[in-house]
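K.L.:
Structure of the sequence below:
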Amino acid sequence: MNLKKVLWATAILGLLICGFIVYQIYSAIFSPNTQFNNNEAYVYIASDATFSDVKNSLEPLLKDLSTFEAVAKRKGYITNIKAGKYALKQGMNNNEIINTLRSANIPVQVSFNNQESLALLAGRISEQIEADSLSLLQTFNDSSFLKESNFDEDTKLAMYIPNTYEFFWNTNAESFRDRMKTEYDRFWNEERLQKAKKLGLTPNEVTALAAIVQKETAKVDERPRVAGVYLNRIRRGMLLQADPTVIYAIKKETGNYDTIIKRVLFRDLEMDSPYNTYKYAGVPPGPITMPDITSIDAVLNPEKHDYLYFVADVSNFGYHMFAKSLAQHNRNKVQYTRWLNQQKVLR
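P.N.:
Numbers count the residues shown, from 1 in each chain. The predicted structure is shown next:
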């Protein structure tokens, strides 16, 4: 009788112990283990991250890091880290967290606009994906890639079409650059190529001219008219005489693209640079900035008119006054020069 009691007691104790162990395992796997108040928290895991790095990233977000680590070992996650950006939802358990970190890499929206150099572009992109600015810049300037892609030192900026693109955060420099080449080829479809050919321009020349249009006016609705002026001048064999090209030449010469120049002086017009369209005929050897798609399409679809000149309209800021003759242009220019002097804009 005593033996039976002992056996029953042992059995019950065993069940209790097993139940406790099962409960502990269940709790470790399926109990909520987040401690942030927002609906979601984002985790960025680098391509070379170790499990220790992952734990450091998760420590502020989890209630119990030890149970997470135990489940991660059971599921084989600690030897199979996946880089990327991940969204943890409030109330997730360890099982859900690890499944998320394994397979739910979230794409990010990467945007850039009118950078004037590849160095500035590299800095902008490095703020949005894992690749650092140095690796991006080195990849952008790779001579073999440029040659294979029919770009050179002057035209390489033209390959990057400002827009918003979807990438995974852990995209490396080479993958980013190659994707931009794919987007460039997609942008220059047969329709755009035929329009460029009809104008007697290559895609790179269209982009270079569009960059000038971009700098001349921020008004999208005015860009086709400005493009028409420059195309009229090209057809007549006139110098483009675009102030933004002179400003760019100064920046390129000094290497300081942060320089702010509001007024081009007569001495600047004598600068010996292929980008100085007051001295050298035709389109500059490359773009002075990354033009928007609207500026490129403005060149490909210019407004048809007889205007050859334009100057800022101080009575309607942002827009310009257009002229068909130099005499008319000089009359229009008086109001702008007077305004600059009143504002004491010397440079």
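
K.L.:
which helices and strands sit right next to the helix or strand where Arg186 lies?
P.N.:
Using DSSP states H and E, Arg186 falls within helix 173-187. On a contact count with 3 or more Cβ pairs under 8 Å, 6 or more residues apart in numbering; DSSP states H and E, helix 173-187 meets helix 133-140, strand 163-168. Any C-beta I mention is one placed from the backbone N, CA and C, and that applies to glycine too.

K.L.:
Including distance to Asp64, mean neighbour count and mean pLDDT, could these go into CSV?
P.N.:
Output for these, formatted as CSV (distance: least, Cβ to Cβ, whole Å; neighbours: other Cβ atoms under 10 Å; pLDDT from 0 to 100):
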stretch, distance to Asp64, mean neighbour count, mean pLDDT
helix 133-140, 37, 18, 98
strand 163-168, 30, 14, 98
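
K.L.:
Would you mind saying which of those lies nearest Ala312?
P.N.:
When those are compared by Cβ to Cβ, strand 163-168 sits nearest Ala312, at 28.2 Å.

K.L.:
That closest one pairs with which strands, and in what direction?
P.N.:
In the sheet, strand 163-168 lines up against strand 107-112 (antiparallel) (DSSP bridges).

K.L.:
would you list every one of the strands in the stretch 201-347 of the chain?
P.N.:
For the stretch 201-347 of the chain, applying DSSP state E, counting those that start in this stretch gives strands covering 309-312, 320-323.

K.L.:
I'd like the distance from the last one to the chain centre, please.
P.N.:
Strand 320-323 has its average C-alpha position 33 Å from the chain's average C-alpha position, going by Cα atoms, centre = their mean, to the nearest Å.

K.L.:
what's the average pLDDT for that strand?
P.N.:
Strand 320-323 comes out with an average pLDDT of 94.

K.L.:
list the helices and strands it packs on?
P.N.:
Counting contacts by 3+ Cβ pairs under 8 Å, 6+ apart, strand 320-323 is packed against helix 223-235, strand 309-312, helix 326-342.

K.L.:
Report pLDDT for Lys55.
P.N.:
95.

K.L.:
element containing it, please.
P.N.:
Per DSSP H and E, Lys55 falls inside helix 51-58.

K.L.:
quick one: buried residues of that helix?
P.N.:
Val54, Lys55, Ser57, Leu58 (16 or more other Cβ atoms under 10 Å).

K.L.:
got a list of contacts for that helix?
P.N.:
For helix 51-58, contacts defined as Cβ atoms under 8 Å, 6 or more residues apart in numbering pick out 43-46, 65, 68-69, 72, 77-79, 81, 97, 101.

K.L.:
again, but for stretch 135-143
P.N.:
By Cβ under 8 Å, 6+ apart, stretch 135-143 touches 118-119, 121-122, 125-126, 145, 156, 172-174, 176-177.

K.L.:
ok, and the closest non-adjacent residue to the residue positioned nearest the centre of the chain?
P.N.:
By Cα atoms, centre = their mean, the chain has its centre lying nearest to Phe112, at 2.9 Å. What sits nearest to Phe112 in space, not counting adjacent residues and going by Cβ to Cβ, 6 or more residues apart in numbering, is Arg124, at 4.9 Å.

K.L.:
quick revisit: can you list the helices and strands packed on helix 173-187 in JSON lines and add distance to Gln194?
P.N.:
JSON lines is the format used below for the helices and strands packed on helix 173-187 (distance: least, Cβ to Cβ, whole Å):
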{"stretch": "helix 133-140", "distance to Gln194": "29"}
{"stretch": "strand 163-168", "distance to Gln194": "22"}
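
K.L.:
out of those, which comes closest to Met290?
P.N.:
Comparing those by Cβ to Cβ, strand 163-168 comes nearest, at 10.1 Å.

K.L.:
Return that closest one as PDB; C-alpha atoms alone will do.
P.N.:
Backbone C-alpha positions of strand 163-168 (Å, rounded to 0.1, in the frame of the first residue of the first chain) are rendered in PDB as follows:
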ATOM      1  CA  ASN A 163      12.700  59.300 -59.000                       C
ATOM      2  CA  THR A 164      11.600  57.100 -56.100                       C
ATOM      3  CA  TYR A 165      12.600  53.400 -56.400                       C
ATOM      4  CA  GLU A 166      11.900  50.400 -54.300                       C
ATOM      5  CA  PHE A 167      15.000  48.600 -52.800                       C
ATOM      6  CA  PHE A 168      15.700  46.300 -50.000                       C
END
